[in-house]
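J.: got a sequence here, can you model it:
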Amino acid sequence: MIRKGYRLEGAGATDIGCQRSRNEDSFLLNPEAGLWLVADGMGGHAAGDVASRTITEAMAGLDPAPTPERQHAAFHARLDAAQDAILQHSRELGGVPVGATMAALLIHGLGFACIWAGDSRVYQLRDGVLRQVTTDHTEAEALVQAGTLSRAEADRWPRRGLVTRAVGIAPDRATEVVAGFLAPGDTFLLCSDGLTEHVTDPEIAQILAALPPESACTMLIEQTLARGALDNVTAVVVRCHLSD
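T.: Sure, this is the predicted structure:
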């Protein structure tokens with residue numbers, strides 16, 4: 001896909017992992033609309049796979065937009081519709097919590113936006129430096145931001161997996177947005193927490209720098225599986241090249 005002087009190369013992969021009986025993760029590559037997305041059905045909640053699939057199916061129909069503003073508005077309209085559908089599914093199940101964390105990358109022209117809810121993440125590798133663009137919506141991260149826990153303490157926090165935002169859990173929109181501008185060679189990783197539970201940031205940086213998107217997805221998932229993959233694992237990698 002070529003966009004205003006850039007060629008975008010993307011790939012995605014998912015695996016059930018080593019411990020789970022079903023895969024509640026899903027992902028979407030919609031380069032025509034400038035959208036890449038990962039959704040993670042919330043573990044322990046009924047029909048998490050339905051929640052994640054509802055999000056990706058809604059976004060599969062996103063069309064190209066003439067402006068970033070129109071692109072973002074259309075994205076949020078579809079996400080709101082997916083949230084309404086998940087809430088309805090919850091009501092049909094008697095009110096049990098049903099939801100999914102979500103991380104999306106939107107690209108329009110020379111700009112990008114990362115939109116997320118929960119602990120699915122977006123990373124950006126630029127000039128060999130890896131940056132976590134998103135901030136986890138978790139109890140542990142909130143305590144780190146408040147200065148109550150150190151980062152090392154948060155990694156051992158008994159409730160570190162408790163998510164404070166997700167799509168479908170409440171009627172209010174739960175997403176956060178960070179925007180920026182592309183540079184040649186930028187590489188983005190979107191992933192579920194099943195990957196970051198087992199693969200460190202330096203390892204992610206090394207793999208993204210060394211491999212093309214499809215091979216990077218494969219290597220990240222293989223490394224997670226080799227370390228026990230306690231959860232489902234999903235990776236989407238998008239790389240920005242200068243077009244010829």
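
J.: can you tell me the centre-most residue of the chain?
T.: Nearest to the centroid of the C-alpha atoms of the chain, with distances taken as Cα atoms, centre = their mean, sits residue 103, at 2.8 Å.

J.: ok, what's across the strand from that one?
T.: Note on residue 103: beta-bridge partners by DSSP bridges are residue 38, residue 116.

J.: Three-state assignment for residue 20, please.
T.: Here residue 20 is recorded as coil under DSSP: H, G, I helix; E, B strand; the rest coil.

J.: distance of residue 33 relative to residue 113?
T.: As defined by Cβ to Cβ, to the nearest Å, residue 33 lies at a distance of 13 Å from residue 113. Any C-beta I mention is one placed from the backbone N, CA and C, and that applies to glycine too.

J.: same check, this time on residue 68
T.: 7 Å.

J.: mind listing the shared neighbours of those two?
T.: Counting by Cβ atoms under 8 Å, 6 or more residues apart in numbering, the common neighbours of residue 68 and residue 113 are residue 106.

J.: buried sites along stretch 131-145?
T.: By 16 or more other Cβ atoms under 10 Å, the buried positions in stretch 131-145 come out as 133-134, 136-144.

J.: next: stretch 233-243.
T.: Buried, per 16+ other Cβ under 10 Å, within stretch 233-243: 233-240.

J.: over to stretch 145-158?
T.: 149, 154, 157.

J.: how about residues contacting it?
T.: So stretch 145-158 is contacted by 135, 139-141, 143-144, 160 (Cβ under 8 Å, 6+ apart).

J.: among these, show me the least confident.
T.: Minimum pLDDT across the contacts of stretch 145-158 is recorded for residue 160, with 72.
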